[in-house]
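> Structure, please.
(chains A and B)
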2 protein chains.
Amino acid sequence: MNSSLSDVSAASARYLDDLQVGDRFTSAEHALDEAQIKSFAAQFDPQPFHLDPEAAKATLFGGLAASGWHTAAITMRLLVGGGLPLAGGIIGAGGEISWPKPTRPGDVLHVETEVVSVTPSRSRPDRGMVVVRSETRNQHGDVLQQSVYKLVVPRRL
Amino acid sequence: MNSSLSDVSAASARYLDDLQVGDRFTSAEHALDEAQIKSFAAQFDPQPFHLDPEAAKATLFGGLAASGWHTAAITMRLLVGGGLPLAGGIIGAGGEISWPKPTRPGDVLHVETEVVSVTPSRSRPDRGMVVVRSETRNQHGDVLQQSVYKLVVPRRL
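Below you'll find the model as predicted:
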């Protein structure tokens, strides 16, 4: 849980050639509070269950919950901050995402990531595609977001 | 393109029972500039190609590009702002997302959405699942994001 990298140094950044299926990485942590949830929602997802704790009680969420896109953005911040140390940065072509449980005020998030596949490009010898599966969990171990990303990763030349 | 709803009134909000496969909706527009791109990136995706136009030139993007999660968040804002007028709001269980082209400073985004499936819940008579496919496009018609969302939508009771 707390063995996370706090930053990606040049020495630790992985190229495609350094990655193997099953490699695992754990991010640092991010503590989420009501103010952050409301601020993100006001800008990008202004719905009552993300903005107003009182109004949220009468909704499907039963209380204030973060926008799923807020959870996704925090997940990206944790991956970029050392949770997935890739040479060239984290460049996603797309992926799948789901939110099995709401993210709540007071949740402390971290991201656990596993390499699913590593595929050198046939046409571009300088890069390849890496698929990873990430779980964003809170301090209780609840899985708040599951995601699969297709990433473009450079090769050692 | 410009026939978008600017807000969801109670009268226009669709329940599950009102939706049919093939129904289409178009959002309002959002104009993106360099300051917004840098601001989102500083908070959630601090990588050179999202923060620094000069440094971005030497990367895969060839110039400043918005974080994909920023494009996703703006897409949500446009859907919530009338681009997808659902009763009960837009509550996503998950989905798929891809970014065929980078989102750039100066892009004016809108979202075109089509209903793919409508499935009443067997166990919960008050709701069901609606799958929609959205394309986020700029003013030139370029598709910047393709997404498929699974949404929980209430029924008329």
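
> quick one, phi/psi of the spatially most central residue of chain A?
Central residue of chain A (C-alpha atoms, centre = their mean): A:Thr75, 2.6 Å from the mean position. Backbone geometry at A:Thr75, expressed as degrees, to the nearest 10, gives phi -60, psi -50.

> Contacts only, for it.
Taking C-beta atoms under 8 Å, 6 or more residues apart in numbering or on different chains, we find A:Thr75 in contact with A:Leu109, A:Val111, A:Ser134, A:Thr136, A:Gln145, A:Ser147. Yep, even glycine has a C-beta here, placed from its N, CA and C like the rest.

> Any idea what the closest residue to it other than its chain neighbours is bridged to?
Computed as C-beta to C-beta, 6 or more residues apart in numbering or on different chains, the closest residue to A:Thr75 that is not its neighbour in sequence is A:Thr136, at 4.7 Å. Assessed by DSSP bridges, A:Thr136 has beta-bridge partners A:Val111, A:Gln145.

> Next, work out how far apart A:Thr136 and chain B are.
A:Thr136 sits 13 Å away from chain B, going by C-beta to the nearest C-beta, to the nearest Å.

> was I right about that residue contacting A:Ser147?
Yes - assessed by C-beta atoms under 8 Å, A:Thr136 is found in contact with A:Ser147 at 7.5 Å.

> where are the low-confidence patches of chain A?
Applying pLDDT under 70 to chain A flags residues A:1-11.

> Which positions in it make contact with chain B?
Neighbours of chain B within chain A, by C-beta under 8 Å from any C-beta of the partner chain: A:40, A:43-49, A:59-60, A:67-69, A:72-74, A:76-77, A:80, A:88-99, A:146, A:152.

> rerun that using 7 Å as the cut-off
A:44-47, A:60, A:68-69, A:72-73, A:76-77, A:80, A:89-99, A:152 (C-beta under 7 Å from any C-beta of the partner chain).

> And the buried ones among those residues, selectable in ChimeraX?
Here is the ChimeraX command that selects only those of these that count as buried (16 or more other C-beta atoms under 10 Å in any protein chain shown):
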select /A:44,45,46,47,68,69,72,73,76,77,80,89,90,91,92,94,95,96,97,98,99,152
